[in-house]
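A.B. asks: Predicted structure and sequence below. I'll ask about it afterward.
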Amino acid sequence: MRIIDPHMHMVSRAADDYKRARRAGIECCIEPAFWSGQDKQHAGAFFDYFEQIIEHETDRAERTANMDHYVTIGLEPKEANYRDMAEKVVERIPEYLDRDPVVGVGEIGFDQVTDDEEWAFREQLEIAEDRELPVVVHTPHTDKPAGTERIVEIIEEMGLTQDRIIIDHNTEDTIDISAQTDCWIGFTLYPGKIEADAAIDLLEEYGTDNMIFNSAADWDPSDPLAVPKARDKMLDRGWDREEVRKVVFENPYEFFNQSPNFDYEA
């Protein structure tokens, strides 16, 4: 069964991880721009990083594993708190959005839910709405329910097109908040976020419409095979193959196929 992992930070990974993911069924991945483990001190560092994931990682995915690799570009919320630098970064984000293989804006959202984070979040949501692009929204690590509620309030206040937005990193504590919207709902199968069995339990309760699994696959103890393993768990638990395929392939395909630069052949 083919898989699209819609949230993999492969810049953090070795070439062999691309190969292992491909062998497990992942034919296509999307790499959102993110916080790389240490706060950047200069706006130029972001532009170098954007070029790296657009050019180098896309080439590396194809060269090492024949995997389709797409990118979303954005100012991650943690670094939005350096306001002067953040303004310079946000100003130049539109320059990247027409480039192949950029398919949306993200990940954006909240870390500590500060005024500067909200400014950057709103600015980037507006950029995405004007360009009719998909958006990947990061929910905060601390006080996640309150942060998710604020995210939903902002999305509704701004009157955004909700089916072009995925609210990511959901848990048992946020699913009811995210489910009040028409946004897509992401689960990051990751230690400290949500384990696969718990996420599958939620799908059994809430259904599979608009539900998406991802691995993050970043530099912390994550697993680039988390989605293939969740696929196998669903099958072992007796799920219908078409329902499993909907979660690990059709839903992420439908979401990112809203971007004109997403040309993966289903």
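C.D. replies: Happy to help now that I have it. Residues are numbered from 1 along each chain as shown.
A.B. asks: I'd like the distance between the residue lying closest to Met67 once chain neighbours are set aside and Phe46.
C.D. replies: Once flanking residues are discounted, Met67 sits nearest to Ala61: 4.4 Å by Cβ to Cβ, 6 or more residues apart in numbering. Placement of C-beta: from N, CA and C, glycine included. Separation of Ala61 from Phe46 (Cβ to Cβ, to the nearest Å): 21 Å.
A.B. asks: longest helix of this structure?
C.D. replies: What stands out as the longest helix in the chain, according to DSSP state H, is helix 115-131.
A.B. asks: So which other helices or strands are in contact with that one?
C.D. replies: helix 83-92, strand 102-109, strand 135-138, helix 144-157 (3 or more Cβ pairs under 8 Å, 6 or more residues apart in numbering; DSSP states H and E).
A.B. asks: Mind listing what's buried along the last one?
C.D. replies: The reference is to helix 144-157. 144, 147-152, 154-155 (16 or more other Cβ atoms under 10 Å).
A.B. asks: how about a markdown table for those residues, with distance to Tyr264 and pLDDT added?
C.D. replies: As requested, the buried residues of helix 144-157 are exported to a markdown table (distance: Cβ to Cβ, whole Å; pLDDT from 0 to 100):
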| residue | distance to Tyr264 | pLDDT |
| --- | --- | --- |
| Lys144 | 31 | 96 |
| Gly147 | 31 | 98 |
| Thr148 | 29 | 98 |
| Glu149 | 34 | 98 |
| Arg150 | 33 | 98 |
| Ile151 | 28 | 98 |
| Val152 | 29 | 98 |
| Ile154 | 30 | 98 |
| Ile155 | 27 | 98 |
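A.B. asks: Dump those into CSV; add distance to Glu27 as well.
C.D. replies: Shown next, in CSV, are the buried residues of helix 144-157 (distance: Cβ to Cβ, whole Å):
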residue, distance to Glu27
Lys144, 31
Gly147, 33
Thr148, 31
Glu149, 36
Arg150, 36
Ile151, 30
Val152, 32
Ile154, 34
Ile155, 31
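A.B. asks: how many neighbours does Glu126 have?
C.D. replies: 13 (other Cβ atoms under 10 Å).
A.B. asks: thinking again about what came up before, identify whichever of the helices and strands packed on helix 115-131 lies nearest to Ile175.
C.D. replies: helix 144-157 (9.4 Å; Cβ to Cβ).
A.B. asks: How far does that closest one sit from its chain's centre?
C.D. replies: Centroid displacement of helix 144-157 relative to its chain, using Cα atoms, centre = their mean, to the nearest Å, is 17 Å.
A.B. asks: What helix or strand is the residue nearest to Asp168 when sequence neighbours are not counted located in?
C.D. replies: Leaving aside its sequence neighbours, Asp168 sits nearest to Gly186 (Cβ to Cβ, 6+ apart; 3.6 Å). Assessed by DSSP states H and E, Gly186 sits inside strand 184-188.
A.B. asks: Now Asp5. Its backbone dihedrals?
C.D. replies: phi -90, psi 110 (degrees, to the nearest 10).
A.B. asks: how many other residues sit next to it?
C.D. replies: Neighbour tally, Asp5, other Cβ under 10 Å: 30.
A.B. asks: Lys88 too?
C.D. replies: Lys88: 16 surrounding residues under other Cβ under 10 Å.
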